[in-house]
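Enquirer: I would like the atomic coordinates for the input below:
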Amino acid sequence: MDSNKSNIFIKKVCNTGLEEVETIEETTLREAYYQMKARRLIKNVPKIYVVDGDEIAMEKIEAERLSEKYKKLSENERIAIIEQVKSKLEILNKNDVYHGDLHTDNILIDKNNQVWLIDFGYASYRTGCNNDFTIFINDLQSLN
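Expert: Residues are numbered from 1 along each chain as shown. I've put the predicted structure just below:
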């Protein structure tokens, strides 16, 4: 795929440890499927343009990873971001979508302090397996 356009990000999907269960192409399709489903539910997820083999061409979001921006935020901004993440996860989980790897590197914060969720490589449809918010909170605590 051609990644010369500045508004497109090309993600090359890597091995996830699931090689015994699915091929890299199946992993790529699963990731794309859950990312598109999440986007329909909560919007602040990058739009996917093309899936090709082990690559996903998607919307490039102009934002910083929460892991990089966290210490620059005021306490009120931090609380607002935590509330956004919680709200988005509630919507996803209510629809039986689980991110599976929601840590501060997989959350982007744009210039308006809006939360974007990225990297759905471990996402799944698993009723009763809601630990995304716990993973997120544990990772946040490590930033303090």
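Enquirer: switch to C-alpha atoms for all contacts and neighbour counts from now on
Expert: Noted.
Enquirer: what ranges does this structure have for its strands?
Expert: Secondary structure of the chain (DSSP state E): strands at 8-12, 48-52, 55-59, 63-65, 107-110, 115-117.
Enquirer: on contacts alone, who are the packing partners of the helix or strand bottoming out on mean pLDDT in the chain?
Expert: In the chain, no helix or strand scores lower on mean pLDDT, DSSP states H and E than helix 132-143, which sits at a mean of 86. Secondary-structure packing of helix 132-143 (3 or more Cα pairs under 8 Å, 6 or more residues apart in numbering; DSSP states H and E): helix 75-94.
Enquirer: show me the contact partners of the helix it packs on.
Expert: Ala38, Leu41, Ile42, Tyr70, Tyr98, Asn113, Gln114, Val115, Asn130, Asp132, Phe133 (Cα atoms under 8 Å, 6 or more residues apart in numbering).
Enquirer: repeat that with 10 Å
Expert: The list of residues contacting helix 75-94 from outside it, by Cα atoms under 10 Å, 6 or more residues apart in numbering, reads 37-44, 66, 69-74, 95-99, 102, 107, 109, 113-117, 125-133, 136-137, 140.
Enquirer: whichever of those residues end up buried, select them in PyMOL.
Expert: Only the buried entries of the contacts of helix 75-94 go into this PyMOL selection, using 16 or more other Cα atoms under 10 Å:
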select buried, resi 37+38+39+44+66+70+97+98+99+102+107+109+113+115+116+117+130+132+133+136+140
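Enquirer: the residue located most distally from the centre of the chain and Asp52, how far apart?
Expert: The centre of the chain is farthest from one residue, Glu20, which by Cα atoms, centre = their mean lies 23.9 Å away. Between Glu20 and Asp52 the distance is 21 Å, computed by Cα to Cα, to the nearest Å.
Enquirer: ok so, going back, export the strands of the chain to CSV and append columns for mean pLDDT and distance to Ala32.
Expert: Shown next, in CSV, are those (pLDDT from 0 to 100; distance: least, Cα to Cα, whole Å):
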stretch, mean pLDDT, distance to Ala32
strand 8-12, 93, 11
strand 48-52, 97, 7
strand 55-59, 97, 7
strand 63-65, 98, 20
strand 107-110, 98, 17
strand 115-117, 98, 13
